[in-house]
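> Quick one: sequence and predicted model below, then my questions.
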Amino acid sequence: MVHPFVVRPVATAADQQAFLALPKRVYQDDPYWVPPLTESVAKQFLPTNPFFEYGELQQFIAVSAGEPVGRIVAAVNRRLIDREQQAVGLVGFFECMPQFEVAEALFETALGWLRDRGMTLARGPIDLSTHNSCFFLIDGFDSPPMVMMPYNPPYYPEFIEKAGWHKAKDAYAYSFPLDRPLPSKFERAYQVARKAGITFRPIHTQGEGFEQDCRTFYQLFTQTFAHNWSSSERTEAEFMAEAKELQSLIDPDVFIIAEDQQQMVGFFMGLPDYNIPLKRVNGRLNGLGLLKFLWFRRQIDQGRVIAIASLPEYRRKMVPLALIYLGMEGGRQKHKPYRRAELSWVWEDNMPSRRIIEAAAATIDKTYRIYEKAF
């Protein structure tokens, strides 16, 4: 039985606190959920978020008997609208207790807000942009998510489909065990790239070297992924702010840069799976939380490959395969703790990347989905 509830805009500090606290109710008995850092979620709604320079949003919360039972955010990202030339709005930050009536009311409230702003298509879950958290997990609920990857109860995709949304596009997370070497073609590709004059090095992690690498990396990242579906361009300032948040977490042995005559032409972006210690801090890196994080980071034994890319003209010089070879070999070193890598996420129709990944004998471990609804 669903008790009476109301869906209302988040308007007070108490509403915001309930909005941020709701996931702990939803996942209190879920062994695989990793609490996000509360501060990181909260700052996305502050006026200082650069998103408000080109977008607007509204948070909503569902409340029953004084307790939060659901939440959602509707957003208009004008950069995405300009790029796609259609009135597409976004929904994200969705969490809900296992009550379909609540979920349905949240979806309808978000759609109404978007409709009032002239939108004719809704897409989600996307937390403001695909550079942030997005997707519902639809397959692979038997293990925790890797760092910066989403997780949700199995009933979320059931609820959104029952509410009339349909699949827009799927993406995959590939699993690659590190207890065996890559096929020999990857090492051969590395040798081909070297003979073509390509050099490889780890990213700089300190001072001006780090900042310069990140600025160049931003330009290459923007150029390489300019045509990604549902993607809106970030400014350099936004990119640099995110990079500095990750600076202390980088393992340079699994973050490799390819250069031609000292010009960056490709990269392999790996990151240790910091979800392992983050699971222990209950969403807060305060004094005790930080101590727990530092202690449990020693248990990290896997990592996530976030992106592999090169300029198109360097693919014939085998730069992508060479980067995979160096990145995976970096993680396989004897003094490294990694036993497994996840390559995520990869769009289902990105066949060039999928062919390369599958040639490395990686297998699909999790499937994610973004939905749409016209109105």
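Arrived safely.

> so Q212 touches Q206, yeah?
No - in this structure, Q212 is not within contact of Q206 by CB atoms under 8 Å, at 11.4 Å. In short, each C-beta sits where N, CA and C put it, glycine included.

> If you count surrounding residues, which of the two has more?
Higher neighbour count among Q212 and Q206: Q212, with 11 against 8, using other CB atoms under 10 Å.

> residue ranges for the helices of the stretch 201-350 of the chain, please.
Taking DSSP state H, counting those that start in this stretch, the helices of the stretch 201-350 of the chain run over residues 207-224, 236-246, 275-278, 287-296, 319-332.

> on contacts alone, who are the packing partners of the longest one?
Counting contacts by 3 or more CB pairs under 8 Å, 6 or more residues apart in numbering; DSSP states H and E, helix 207-224 is packed against helix 236-246, strand 263-272, strand 302-310.

> same question, the fourth one
Taking 3+ CB pairs under 8 Å, 6+ apart as the contact definition, the neighbouring helices and strands of helix 287-296 are helix 275-278.

> Off-centre distance for the helix it packs on?
Relative to the mean C-alpha coordinate of its chain, helix 275-278 is positioned 15 Å out (CA atoms, centre = their mean, to the nearest Å).

> any idea how far S230 is from the closest residue to G55 other than its chain neighbours?
Closest residue to G55 in three dimensions, ignoring its sequence neighbours and counting by CB to CB, 6 or more residues apart in numbering: N77, at 4.6 Å. When distances are taken as CB to CB, to the nearest Å, N77 and S230 turn out to be 10 Å apart.

> so who does the spatially closest residue to A307 that is not a sequence neighbour touch?
Once flanking residues are discounted, A307 sits nearest to M269: 4.5 Å by CB to CB, 6+ apart. Shown here is M269, whose contacts under the criterion CB atoms under 8 Å, 6 or more residues apart in numbering are 255, 305-308.

> do S232 as well
For S232, the set of contacting residues under the criterion of CB under 8 Å, 6+ apart consists of 77, 79-80, 83, 129-131.

> Mind pulling the model confidence for M1?
Predicted confidence (pLDDT) for M1: 60.

> returning to what we had before: gap between the residue nearest to A307 and F225?
With distances defined as CB to CB, the gap from M269 to F225 amounts to 12 Å.

> between the two, what contacts are shared?
With contacts taken as CB under 8 Å, 6+ apart, M269 and F225 have A307 as neighbours in common.

> quick one: average pLDDT of stretch 238-245?
Averaging the model's pLDDT scores along stretch 238-245 yields 89.

> Of all the residues in that stretch, which ones are buried?
Of the residues in stretch 238-245, 238-240, 243 count as buried by neighbour count, 16 or more other CB atoms under 10 Å.
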